[in-house]
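Engineer: no sequence on this one, just coordinates:
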């Protein structure tokens, strides 16, 4: 499957038509329908868009950096002509009628916005399971979780339903489905991409970002959505990496540990500096993340909760109600913990190009599974999965997940975390790793 950059070049040269790209996308969507990645689509309207984009090519009109690229949008962003339901039956907070700025930026760059993707209800969860819209199923094994909350986005990219997708990430909601679906997911620095026209889960932790089949594709999508160039990012020497060894102790499944340690050993053998470091507030960050997110989510959905919470499933209503009981002192303490974590990580990363860790601490759990075994014993799926990613959303630092080796037919992944606003450098480092690892996203041309 061609990259976004290759596809745009082919469209501009007239060797590929946008209508052909859309037809291929439609076919892949039909083949993967049982995985349930799509929340809403109007193929006739999409074909009209595709024909208009093809007409611009024939007319010799100036073309944008995403001309003709089919993209899907997570169903919590406003998109002109498409409903926003956020995977729930509850009444949503007022979002206004204006299209999300990031979507408008993609459209102006020539992207073909063709569908909304399914998600964990109101983004409050990391499994992709949803009693209202149906579970989104893992593309490697439909019995397993796809990750969340941008679950449909991860599956869509993995199965070739478009060339990229837009997700949101509060505690890992881009990176977890990317890890579980074997694709690339990028959570930029806080506020790099505007969030107007989006349903918040937690305004202090929410981020928007891309999922795609390569780091270069994520970089192109980021440039358009953030309106920031990444051309200055480069890896001019072997990187220096920080390994949070103590934090990872006991967190991983043995199979994930084996892949990661082999990677670290290979890096060190080739002269890459990988230093064990201590980040003592990582556990504190995980403990502070939950009250902050739940209290803010309860405020976002306060009107629906005041009306009795009708339309929220039993998966999300209890944590929403719990958010209404969090006192101001606990919320302020969470803010103070976040400030301290940011200082710690920024100070640590002054001497390193990135922090390195597995993107997924465990292999994708079965759908409906609530607990999982790790080296440290049995823990909840929520803590095993979100605990691997949440601290970096909490701190607002850029974080990138890309696929590594498969184990027993299931994906593992690598997570890289950079300094605040070092998005370009982190994406360049991700491309360096991608070339070194030689691992690509699954073949989206194959059916479910």
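Structural biologist: Now that the structure is in, tell me what you want to look at. From a predicted model like this one, the values you see are computed outputs, not experimental measurements.
Engineer: ranges for the strands of the stretch 251-400 of the chain?
Structural biologist: Assigned by DSSP state E, counting those that start in this stretch, the stretch 251-400 of the chain shows strands spanning 273-276, 354-358, 371-374, 377-380, 399-407.
Engineer: Serialize the ones you listed to TSV and add fields for mean neighbour count and distance to residue 159.
Structural biologist: All C-beta atoms are positioned from the backbone trio N, CA, C, and that covers glycine. Listed next are the strands of the stretch 251-400 of the chain as TSV, based on neighbours: other C-beta atoms under 10 Å; distance: least, C-beta to C-beta, whole Å:
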stretch	mean neighbour count	distance to residue 159
strand 273-276	13	34
strand 354-358	24	24
strand 371-374	15	25
strand 377-380	12	29
strand 399-407	24	15
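Engineer: low pLDDT regions in this structure?
Structural biologist: Counting by pLDDT under 70, the chain shows low-confidence ranges at 444-448.
Engineer: So which residue is dead centre in the chain?
Structural biologist: The residue lying closest to the centre of the chain (C-alpha atoms, centre = their mean) is residue 174, at 1.3 Å.
Engineer: May I ask you to name the longest helix in the protein?
Structural biologist: Counting residues, the longest helix found in the chain (DSSP state H) is helix 328-349.
Engineer: Tell me, how many residues neighbour residue 346?
Structural biologist: A count of nearby residues for residue 346, using other C-beta atoms under 10 Å, gives 13.
Engineer: follow-up on the earlier one: could you pull out the buried residues of the longest helix of the chain?
Structural biologist: Within helix 328-349, the residues that count as buried by 16 or more other C-beta atoms under 10 Å are 331, 333-334, 337-338, 340-342, 344-345, 348-349.
Engineer: What is the nearest of those residues to residue 59?
Structural biologist: residue 349 (48.1 Å; C-beta to C-beta).
Engineer: number of nearby residues for the nearest residue to the closest one once chain neighbours are set aside?
Structural biologist: Beyond its immediate neighbours in the sequence, the residue positioned closest to residue 349 (C-beta to C-beta, 6 or more residues apart in numbering) is residue 419, lying 4.5 Å away. By the criterion of other C-beta under 10 Å, residue 419 has 21 neighbours.
Engineer: who are the neighbours in contact with the closest residue to residue 156 other than its chain neighbours?
Structural biologist: In space, and not counting its chain neighbours, residue 156 is closest to residue 37: 4.6 Å by C-beta to C-beta, 6+ apart. Going by C-beta atoms under 8 Å, 6 or more residues apart in numbering, residue 37 touches 29, 72, 117-118, 136, 151-153, 155-156, 159, 161.
Engineer: on that earlier part again, of all the strands of the stretch 251-400 of the chain, which lies closest to residue 208?
Structural biologist: Set against residue 208 and scored by C-beta to C-beta, these come closest in strand 399-407, at 13.5 Å.
Engineer: Adding distance to residue 219, write the strands of the stretch 251-400 of the chain out as CSV.
Structural biologist: What follows is the strands of the stretch 251-400 of the chain, written out as CSV (distance: least, C-beta to C-beta, whole Å):
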stretch, distance to residue 219
strand 273-276, 24
strand 354-358, 15
strand 371-374, 33
strand 377-380, 34
strand 399-407, 10
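Engineer: Between those strands, which one is closest to residue 292.
Structural biologist: Among the strands of the stretch 251-400 of the chain, strand 399-407 comes nearest to residue 292, with 17.9 Å by C-beta to C-beta.
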